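**Student:** sequence first, then the predicted structure, then my questions.
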Amino acid sequence: MEKEIQKKIFDAYLKLQDKFSIENSQWRKWCRENKTEQEKFEVIVEAILTQRTNWKNVEKAMDNLKEEMILEIKKFFETLKNDKEKIINLIKPAGFKNQKAIYLYNLFDYIFEQYQGSLFKMETENHFKLRQDLLKINGIGPETADSILLYAFSKPVFVIDEYTRRFVRKYKISQEKNYYKLQNIFEENLPPDWRLYQKFHALIVIAGKEKFF
DNA sequence: ACCCAGGTGGCCC
DNA sequence: GGGCCACATGGG
């Protein structure tokens, strides 16, 4: 029974790997090993900005922040505190600007409160506790929390999104829709390998965008 | 003009 | 737990 699901997941992974590549995409940066503090910071900001939004628009917002020299963690948080209108204006292309500015403030307020703005320190935290804490923040739901854990901090948590839901239906892996139940299906049938989880999820999204399923 | 894009929280049952 | 809605913008 379990073996059968394992085989379906594995075969589907091989198929995606055969047909798609994370090279020349945003995913190459998100999947990079040994990320710098700056890269982790950018992944975290992008994880919020990309909520229900086209990646191109996220890039425009990130470019705006970079041009204004705000894409540095301390500067970013200071600006969120003292001049939120400026951030709202710069992230405008990513949509939901008012909400996302608040979400970003809530998240970085937590990061500075708990870890003095050190992502290195944050990364050493037990990731089950980290996920619990992240989920308490207004603006961080399960997908954003897990994206941060997997892609910024290289923790072995499988990210579920709309493409993943279509993927499991297409390959008849499960009819389940609940986030945690779906996540368990992947995590119980795959080794806890963050490199695999990063690449697998990236391939699912790339394939999904190409209307592969 | 309309639909979609890597979600989340609030409200309701 | 699940269904529905608002939230904003740019591209096809």
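**Tutor:** In hand now; what should we look at? Numbers count the residues shown, from 1 in each chain, chains lettered A, B, ... in the order given.
**Student:** nearest to DNA strand C within chain A, name that residue for me.
**Tutor:** When distances are taken as Cβ to the nearest atom of the strand, chain A approaches DNA strand C most closely through A:Gly95, which lies 2.4 Å from it. Heads up, the C-betas are built off the backbone N, CA and C, glycines and all.
**Student:** burial check on that residue, number of neighbours?
**Tutor:** A:Gly95 has 17 neighbours, counted by other Cβ atoms under 10 Å.
**Student:** measure it to A:Pro142 for me?
**Tutor:** Between A:Gly95 and A:Pro142 the distance is 20 Å, computed by Cβ to Cβ, to the nearest Å.
**Student:** can you check A:Lys92 too?
**Tutor:** 26 Å.
**Student:** now the residue of chain A closest to DNA strand C: closest residue in space, sequence neighbours ignored.
**Tutor:** A:Thr53 (5.0 Å; Cβ to Cβ, 6 or more residues apart in numbering).
**Student:** just checking, the one you found touches A:Lys92?
**Tutor:** No - at 11.5 Å, A:Thr53 does not count as touching A:Lys92 under the criterion of Cβ atoms under 8 Å.
**Student:** go through stretch A:155-169 and flag the buried ones.
**Tutor:** A:Lys155, A:Pro156, A:Val157, A:Phe158, A:Val159, A:Ile160, A:Asp161, A:Tyr163, A:Thr164, A:Arg165, A:Phe167, A:Val168 (16 or more other Cβ atoms under 10 Å).
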